[in-house]
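Colleague: Turn this into a structure:
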Amino acid sequence: MFIIDWLYLYLVGIFFSDFLTSFARVSLSFFFIYIKYLSKIILLTNIVNVELLYFAEINNTLKFSNKLLMINQGK
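Modeller: A predicted model of the protein is given here:
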């Protein structure tokens, strides 16, 4: 009976270690996929932020040129 208990525990241990290994493998693959897409999202966000800063700079330049025109026109 003692040997059967140990054999049972050994087989359960093999099953769970194999299950945990495959689970860890799947988790790691999902993690790397998440990191890959997260880096693309961050890159796109940075591009959008740069374009927004560019348009804000154009807007500030236009406001400044309008002020210069108003000063030159004596308003």
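Colleague: residues in contact with the spatially most central residue of the chain?
Modeller: The chain has residue 38 as the residue nearest its centroid, 2.2 Å off, counting by CA atoms, centre = their mean. When the contact criterion is CB atoms under 8 Å, 6 or more residues apart in numbering, residue 38 has no partners at all. For glycine as for every other residue, the C-beta is placed from the backbone atoms N, C-alpha and C.
Colleague: And the helices in the chain, which stretches?
Modeller: For the chain, helices defined by DSSP state H occupy the ranges 2-72.
Colleague: low-confidence ranges in it?
Modeller: Applying pLDDT under 70 to the chain flags residues 1-4, 6, 9, 13-21, 75.
Colleague: so how far is residue 32 from the residue nearest to the centre of the chain?
Modeller: Separation of residue 38 from residue 32 (CB to CB, to the nearest Å): 10 Å.
Colleague: With residue 22 instead?
Modeller: Computed with CB to CB, the distance linking residue 22 and residue 32 is 16 Å.
Colleague: same deal with residue 11?
Modeller: Applying CB to CB, the value for residue 11 to residue 32 is 32 Å.
Colleague: try residue 55
Modeller: Here residue 55 is placed at a distance of 35 Å from residue 32 (CB to CB).
Colleague: what about residue 29, how many neighbours?
Modeller: Residue 29 is surrounded by 10 other residues when neighbours are defined as other CB atoms under 10 Å.
Colleague: meant to ask about residue 27
Modeller: 11.
Colleague: what does residue 49 give?
Modeller: Taking other CB under 10 Å as the definition, residue 49 ends up with a neighbour count of 10.
Colleague: and if you look at residue 11?
Modeller: The tally of other residues near residue 11 (other CB under 10 Å) stands at 10.
Colleague: Distance check, it against residue 40.
Modeller: Residue 11 sits 44 Å away from residue 40 when distances are taken as CB to CB.
Colleague: Tell me the gap between stretch 43-57 and the middle of its chain.
Modeller: Shown here is stretch 43-57, whose average C-alpha point lies 18 Å from the average C-alpha point of the whole chain (CA atoms, centre = their mean, to the nearest Å).
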